[in-house]
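Predicted model and sequence follow; I will ask about them next.
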Amino acid sequence: MDLDSIRPKREEFYYHIRDASTAAGLGTFIHMKPNNGPKEASLLFDIGSVSLEASAVSHVFLTHGHLDHVNAIFMHARIRCRSKDLPVPKYYMNPLLIPPLLKAKGAFEELNDNSEIPMEFVPLYPGKEVYIGGDCFVSPFPTVHRVASQGYLVRWKKSNGLLPEFQNLSGKEIGELKRSGTIVNTSSISTEVVYTGDTIFKALLEIDEIWSAKIMIIEVTYLIGPSENAEKWGHIHIDSLVENADCFDNVKQLIICHVSVKYSIEEVMVLRRRYSSIVR
């Protein structure tokens, strides 16, 4: 994928897409990397395929269990085994995915000379969030697909310094206040990235926060034909974006992914130009 045309100005965004491959039914992964933050805050959305560079990322967020979104999970973990410097990778997911993945893990380990593949499956569901580094937190939100599914949003909780009433205190005094639970810093929270995973569009209308994201990565599997077919199979038709264009007014960059392989590159580029006012 040529990322130059979709990479935002770095000073405006915490993250950019470093690497990606996405095609409905074949495999999807999105590698997000901080522009100026620590590399520990890098993350992957889904793991239907993987690149060598993306295999260095420790935090992987799965939207659902269809194979084109989890195909490469054991390859990712196995590649990391070769380096003693990399921590055990963490795969965050709806708790319902853990039992079948543990069963699959056992089968792959048997195929791998009965050698353990170090990896950690972390249950994560809407209402919870996980810290990944660089003052960034990831939280799932509910989506509607043919199987249990969820999207993810990434928040940057930036500290803006001490509150005025604490600015003349010593470091020891500030430390004591923090330990007592007192909030001593001013802070701001921004929704940096939203990744929908596979879903119908109506489900997204229920989640207010996602529409203020700086970067939204949204699945648009269907580009042509009746929109009813998209919803029947738990996906989004590009017509839904057009009909709800005002929802994206506060989204600085909208990126579509998971386009069906039944469309040619020429068809995709024609539609991209036609809808350039929305997909930006």
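Happy to help now that I have it.

Ile218 - that's part of a strand, no?
Yes: the assignment for Ile218 by DSSP: H, G, I helix; E, B strand; the rest coil puts it in a strand.

Who are the contact partners of the residue nearest to it when sequence neighbours are not counted?
In this structure, Ile218 finds its nearest non-sequential neighbour in Thr196, 4.8 Å apart by CB to CB, 6 or more residues apart in numbering. For the C-beta atoms, the positions are set from N, CA and C on the backbone; glycine is no exception. With CB atoms under 8 Å, 6 or more residues apart in numbering as the criterion, the residues that contact Thr196 are 63, 143, 151, 204, 210, 216-219, 236.

Out of those residues, which comes closest to Lys252?
Ranked by distance to Lys252 (CB to CB), those are led by Met216 at 8.7 Å.

what pairs with the host helix or strand of Val138, and is each one parallel or antiparallel?
Assigned by DSSP states H and E, Val138 belongs to strand 136-142. According to DSSP bridges, the neighbouring strands of strand 136-142, each with its direction, are strand 130-133 (antiparallel), strand 150-162 (antiparallel).

Run through who's touching that strand.
14, 34, 37, 41, 43, 59, 61, 92, 94, 124-132, 150-157, 192, 203, 206-207, 209-210.

Just give me how far it sits from the chain centre.
A distance of 9 Å separates the C-alpha centroid of strand 136-142 from that of its chain, computed with CA atoms, centre = their mean, to the nearest Å.

try stretch 241-253
19 Å.

For this structure, which segments count as helices?
Counting by DSSP state H, residue ranges of the helices within the chain are 67-70, 73-80, 98-111, 171-179, 201-204, 227-232, 238-243, 265-274.

Just the buried ones from the contacts of strand 136-142?
14, 34, 37, 41, 43, 59, 61, 92, 94, 124-125, 129-130, 132, 150-156, 192, 203, 207, 210 (16 or more other CB atoms under 10 Å).

tell me, how many neighbours does Arg18 end up with?
The local packing count at Arg18 equals 18, with neighbours defined by other CB atoms under 10 Å.

Is it in contact with Lys33, as I believe?
Yes: between Arg18 and Lys33 there is a contact at 3.8 Å, judged by CB atoms under 8 Å.

so how far is Val184 from the spatially most central residue of the chain?
For the chain, Phe45 is the residue whose C-alpha lies nearest the centre (CA atoms, centre = their mean; 3.9 Å). Applying CB to CB, to the nearest Å, the value for Phe45 to Val184 is 34 Å.
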